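1. With the input below, show me the fold.
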Amino acid sequence: MNWDDLKLFLQVAQSGQLSDAARILALDSATLSRRIRRLERAVNVALFVKSSRGYVLTEAGRALVPRVSAMAREVAQGAEMLAPATPALSGRIRIGAPDGVATSILPRVIASLTRDHPALTFEIVSLPRMADLGRREADLAITIAPPRGSGLKVSRICDYELCLAASRDYLQRHPPILTRRALVRHASVGYLRDMIFDPGLDFQEGSGLAPPGTASNSALVQFAMVRAGMGIGLVHAFLLDQAPDVMRLAVPDTSLTRTYHLVRHPDMHGPSIEHIDALLRDGISREIDAKSGPRIEDP
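-> The predicted model follows:
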């Protein structure tokens, strides 16, 4: 039995799709299919059944997964013992992230990382939900609420602030907004309530704003709506530095704090990924801190 074929088996089992596993392994699908058939011949039993849902594990395949996973962990731990104290960083990392941080924070962070570590490459997947790490949609995911009971490794990145804001044009066309009680009389921009995938994104509750007249499932689209003068919205404070025509409101007790977390699959371990994890968290934290800036008062 070939250990390399077992590693390929494990990736197909985790991905559920031959094409997804082939992309992660940098193999073509035909080669991967041949390797899986070779393994099945070696063990003399079918490990997968092809279906409309992809490659589905047989009973024998399901029994084999935990054993191969344990073998992979042992191999990785042995490699860690032999690895140098400061590992050379290389490889391709795919990061799943909400659109605000994916667009405004991550590009600058990974640009800095790849300057220091040119053998590293990154892919950013912006999704209106958490990336499915079990199906290898991404290697790492940035989330607000840490997933529970999943076995995933979760590390805190940093807090970030959401503040009430409106366009300069909107504020010039309306009376000054100085108290929470005044907010309900204004048009508001917010999330599509039926498409909020994370309870931490439900900013409207308790904000003092009227129910949103215009809404989107995207934080960036909401920010664009605010910038276009369509109403008041709770926006990421780190977005304000790129829009001098959007003003932060000086209404007391209206800002919110949320926390970003970095999540990865437990099979991803070793000194290199630990180092990349730490560098990403540090870079994101510093970039958010630099972009959040001082309060912009309501004129």
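
2. and residue 146, helix, strand or coil?
-> coil (DSSP: H, G, I helix; E, B strand; the rest coil).

3. burial count for it?
-> Look at residue 146: counted by other CB atoms under 10 Å, it has 15 neighbours. In short, each C-beta sits where N, CA and C put it, glycine included.

4. That one contacts residue 264, correct?
-> No. Assessed by CB atoms under 8 Å, residue 146 is found out of contact with residue 264, at 11.9 Å.

5. Tell me which stretches of the chain form strands.
-> 48-51, 54-57, 91-97, 120-126, 140-143, 153-167, 188-191, 214-216, 232-236, 246-248, 256-264 (DSSP state E).

6. starting at the chain centroid, how far to the third one?
-> Read it as strand 91-97. In terms of CA atoms, centre = their mean, to the nearest Å, the centre of strand 91-97 is found 9 Å from the chain centre.

7. what sits against residue 32?
-> With contacts defined as CB atoms under 8 Å, 6 or more residues apart in numbering, residue 32 is in contact with 8, 12, 18, 21-22, 25.

8. ok, these vs residue 54, which is closest?
-> Of all the contacts of residue 32, residue 18 has the smallest distance to residue 54: 7.1 Å, by CB to CB.

9. Residue 18 versus residue 53, what's the distance?
-> Remark: distance between residue 53 and residue 18 (CB to CB, to the nearest Å) = 12 Å.

10. oh sorry, the question was meant for residue 221
-> From residue 221 to residue 18 the distance is 35 Å (CB to CB).

11. Which one's more surrounded, those two?
-> residue 18 (20 against 14).

12. can I get the CA coordinates of stretch 144-152 in CSV?
-> Only the C-alpha atoms of stretch 144-152 are listed here, as CSV (Å, rounded to 0.1, in the frame of the first residue of the first chain):
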residue,chain,number,x,y,z
ILE,A,144,-16.8,37.0,13.6
ALA,A,145,-18.3,34.5,15.9
PRO,A,146,-15.9,31.5,16.4
PRO,A,147,-17.5,28.3,15.2
ARG,A,148,-18.5,25.9,18.0
GLY,A,149,-18.1,22.2,18.4
SER,A,150,-16.4,21.8,15.0
GLY,A,151,-12.9,20.7,16.1
LEU,A,152,-11.5,23.7,14.1
